[in-house]
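A.B. asks: missing the sequence, but the structure's below:
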């Protein structure tokens, strides 16, 4: 009898502890703006929300013909905002008796309209249960992201508090550097605000504790949101400028990177591996080009854990970033006016100009160039005219019958090597935005070459099999052949691929890289190493942002029972399949200096070949001759002069010791008097 009474009292206690508050609704503004619906909560006891008593569940009943247009959030009296469901990630008509509970397994994004039942929200309700006050005005925020199309109605909604709340993330230390931001009661937004920031990086000690003093940086930054689509996510990317207490720009070194003032915090929200952007930048840097340096970090904002970010350099003119000449407003005549410039192909939402010729699109629409450096406010009219005229000339040549002429064609205007490598990285990753958005270009003064370079690579979160449109999910076919009427790809790329010289150069470069940093083994090892480094932090990240196993536009992967391991496996499968297709698709031959049989030297052999440390060139001379042996890389650049001397007739052996030369495909050029023999060697 006593046991039964005890059980009854416990049940009564928990039932009475669970408190439900219901609110009425109303019409949803159909103007592309927020609509707010209030519930006044009072009488909660205890008054603070925590792991023993907190918010358990949120229910909604919404009538709307296309819920993919709706972004729905819950805001606490303390101002914390948590996303319940994300527009473009749920489809169909209506939410009917839909309940969100962070302890559920199935994401609402995997449900079907009208989503009746219990689901995990796309945000984390545990963010409320951190000691916040429960009493006060709670708000359901509904944002109709497609104005003037479908109207809708919130019929009712509810909040349930109880003793089974989701537990917040407890963050005390990390194997990654920790970035701590205090906004001093200001709200982060699209407008810069001056805030305090510290970075904890115990490089020698290894582990970083939130209680440690900020030892890598401790000062002020001007910070705001950045990005286009990405700024709409709950985990938002930011840009910041290090500065003094007065807000004046102050270059500093962060996390071992060269001193500068402009930086980015990249959220990698859609990318559940948290590595697609860093992977791309590391590969491009390994190919010999500048790409933004970065460090993976964990971020805390106003004492709240905000997940894993990549703190990285912003592309800008700098001796340690895009190393081109400074261009001042008084440099308006030749040759000073010829550089340096940075610009990019992107959306027409910043000053710039439209391409002279249409891009590769069904509607013959033009693409758009944005000014980057000098900024639109600083670049003079003559400088604008010069840059546009140079690019117009390049476009005109690319549209002419003689575009491939080695003297008057495209090679006169561009650094071909940079275009070849840019093509490789975009095609291997099959970036959905490739060539048409976030595509940087730069040009130095004519006294420093003056040719147009493409790069640095930028913005690859929907690359590497992370996009379900623009055919970027298929490991077959070329991405440069994608046709888009709104943001078309420049037609240059089709023309390049019609030129035998360009394709041969591409073939040689691709095959060389496939022996080194683009080999399947190297890429898989890289992915595994980064996944290991992120294994601890990703677990916290995906509690705070519970999108593993959720469909977040434009994820192409099967999300049912997905976890971090399946995301990593998917990326590795893509590397294997895509690189295998490119091995098949790039068919050409390496450009080798012409060889004619001669009467001086017999057949040349190099043995062993392939080799690891050294190889021996062996041949017979019918008479004394001047012998010169050079080793060149696949771009035709000399990397070693092995011998240049007079040799007697008879058998000759020349040993080439690779020394510090990295593994890959190389070519030898053996000149005997005026005659040349050439061939290929492979360093393993």
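C.D. replies: Arrived safely. The structure presented is a predicted model; accordingly, all values stated were derived computationally and were not measured.
A.B. asks: Which residue, neighbours along the chain excluded, lies closest to residue 497?
C.D. replies: residue 503 (6.3 Å; CB to CB, 6 or more residues apart in numbering). Using the backbone N, CA and C atoms, a C-beta is placed for each residue, glycine as well.
A.B. asks: just residue 406 next, same as before
C.D. replies: Residue 406 sits nearest to residue 501 (CB to CB, 6+ apart), 7.4 Å away.
A.B. asks: What count of nearby residues applies to the one you found?
C.D. replies: The local packing of residue 501 (other CB atoms under 10 Å) involves 16 other residues.
A.B. asks: Residue 649 now?
C.D. replies: Count around residue 649 with other CB under 10 Å applied: 12.
A.B. asks: ditto for the one 4 residues further on
C.D. replies: Number of residues near residue 653 (other CB under 10 Å) recorded here: 8.
A.B. asks: correct me, but it touches residue 615?
C.D. replies: No: look at residue 653 against residue 615 with CB atoms under 8 Å: they stay out of range, at 10.8 Å.
A.B. asks: if we can go back for a sec, tell me which helix or strand comes right after whichever strand or helix holds the residue nearest to residue 406.
C.D. replies: Assigned by DSSP states H and E, residue 501 falls within helix 500-514. With elements assigned by DSSP H and E, the helix or strand that comes after helix 500-514 is helix 520-544.
A.B. asks: Pull the distance from stretch 524-543 to the chain's centre.
C.D. replies: 16 Å (CA atoms, centre = their mean, to the nearest Å).
A.B. asks: typo on my end, it should be stretch 341-350
C.D. replies: For stretch 341-350, the distance to the chain centre is 18 Å (CA atoms, centre = their mean).
A.B. asks: let's number from 15 now, not from 1
C.D. replies: New numbering, starting at 15: the last item is stretch 355-364.
A.B. asks: For stretch 673-685, buried residues please.
C.D. replies: 677, 678, 679, 680, 681, 682, 683, 684, 685 (16 or more other CB atoms under 10 Å).
A.B. asks: From the residues you listed, which shows the smallest pLDDT?
C.D. replies: In terms of pLDDT, the lowest of the buried residues of stretch 673-685 is residue 679, showing 77.
A.B. asks: pretty sure that one contacts residue 694?
C.D. replies: Yes: taking CB under 8 Å as the definition, residue 679 is a contact partner of residue 694 at 6.4 Å.
A.B. asks: what residues do these two have in common as contacts?
C.D. replies: residue 604 (CB atoms under 8 Å, 6 or more residues apart in numbering).
A.B. asks: Tell me which stretches of the stretch 515-664 of the chain form strands.
C.D. replies: Assigned by DSSP state E, counting those that start in this stretch, the strands in the stretch 515-664 of the chain fall at 619-621, 628-635, 639-646, 652-661, 664-671.
A.B. asks: Quickly run through the sheet partners of the shortest one, with directions.
C.D. replies: As defined by DSSP bridges, the strand partners of strand 619-621 come to strand 628-635 (antiparallel).
A.B. asks: and the protein, what are its domains?
C.D. replies: What automatic domain parsing lists as the domains of the chain is 30-176, 187-327+536-597, 350-512, 619-697.
A.B. asks: follow-up on the earlier one: spell out which residues sit in contact with the residue nearest to residue 511, please.
C.D. replies: 510, 511, 600, 602.
A.B. asks: If we use 10 Å, what do you get?
C.D. replies: Contact analysis of residue 517 by CB atoms under 10 Å, 6 or more residues apart in numbering lists 434, 510, 511, 600, 601, 602, 603.
A.B. asks: Residue 406 now?
C.D. replies: 367, 369, 370, 371.
A.B. asks: Between the residues you listed, identify the one with the most neighbours.
C.D. replies: residue 369 (19 neighbours).
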